[in-house]
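Chemist: Predicted model follows, preceded by the sequence.
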Amino acid sequence: MPNEPTSEAASGLTQQLELVIQQHDIPEGWKPPFALSPDRPITIREDLTLEEFKEGLRSFKVMRQRLDSMMEIGQSDYIAWGKLKFGKDAVNASLAQLEFDMPTVNRALDIQNIPTELRQPNLEADHYVVLARAGLKKAKQVYWSKLASQLNLSPSQLKLSIVKGEVTSAGESKKLTHGILSIHGVRHELDIWLSRVGGAEGIKKLEPAVQNEIVENLRPFAELYRELVE
């Protein structure tokens, strides 16, 4: 069952932000370049060096990423809680009324598919979306969730590692998000799409025009396969 929203959410968020700052590799004697407080948005040290300024920028980037992830996971749990409390139709109607976009809702659904007991403190929403869309059985989800946490894998590293069946370097994983997509990545995306449309049987139930469009898009793959086999 998803976690129920509580009145302690605000204090928990503050603690998480403090944890983000504490997790930085801070050298001995280092002074923070800025301070945040409720009554004043930011206080900046006047004696900052350029390197300390850059560290401050990095701190903002890390905190923003962590905060966005926390909000997305919390939103997913909140939607799941609402469905249990008020029913799926009522929640879907509320999401439509508030103009939530479909990619946001789909990501929330993906995160909901990852049991809360598999969540790790240092993993983010993107990790859970990767795990949910990989079509893994629960035992494999447990395995990759723990491994991603232990080795501090980025979401793109986790995605490529699942595709290859072994942990990949950060450099290799960039092929999924930068430049040319690897053939492993193409196959992985195809598997995800095929699973979502219900496989060949699901495609056969679609309108003829849609089936023809799918056939035309798959034709280059079939021709490449035939040429390589021959």
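Modeler: Happy to help now that I have it.
Chemist: What's the mean pLDDT across stretch 164-173?
Modeler: Here stretch 164-173 scores 70 as its mean pLDDT.
Chemist: Check stretch 140-156 too.
Modeler: On average, the pLDDT along stretch 140-156 is 90.
Chemist: buried ones in that stretch?
Modeler: Buried residues in stretch 140-156, counted by 16 or more other C-beta atoms under 10 Å: 141, 144-145, 148-149, 153-156. Where you see a C-beta, it was placed from the backbone N, CA and C, and this is true even at glycine.
Chemist: Might you calculate how far it sits from the centre of the chain?
Modeler: Here the centre of stretch 140-156 is set off from its chain's centre by 12 Å, with C-alpha atoms, centre = their mean, to the nearest Å.
Chemist: Surely Val186 is within a strand?
Modeler: No - under DSSP: H, G, I helix; E, B strand; the rest coil, Val186 falls outside any strand and is assigned helix.
Chemist: re earlier: narrow the buried residues of stretch 140-156 to those in strands?
Modeler: Among those, none falls in strands (DSSP state E).
Chemist: Would you mind splitting the chain into its domains for me?
Modeler: For the chain, automatic domain parsing gives the domain ranges 1-112, 116-181.
Chemist: which stretch in these has the least confidence?
Modeler: Lowest mean pLDDT of the domains of the chain: domain 1-112, a mean of 74.
Chemist: all helices of this protein, in order?
Modeler: 9-22, 50-86, 88-97, 102-112, 125-133, 138-151, 155-164, 170-173, 183-196, 199-204, 208-229 (DSSP state H).
Chemist: hmm, back to that, any chance of the domains of the chain in JSON lines, plus distance to Glu227?
Modeler: Shown next, in JSON lines, are the domains of the chain (distance: least, C-beta to C-beta, whole Å):
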{"stretch": "domain 1-112", "distance to Glu227": "36"}
{"stretch": "domain 116-181", "distance to Glu227": "20"}
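Chemist: roughly how far apart are Pro41 and Leu224?
Modeler: Note on Pro41: its distance to Leu224, by C-beta to C-beta, to the nearest Å, is 55 Å.
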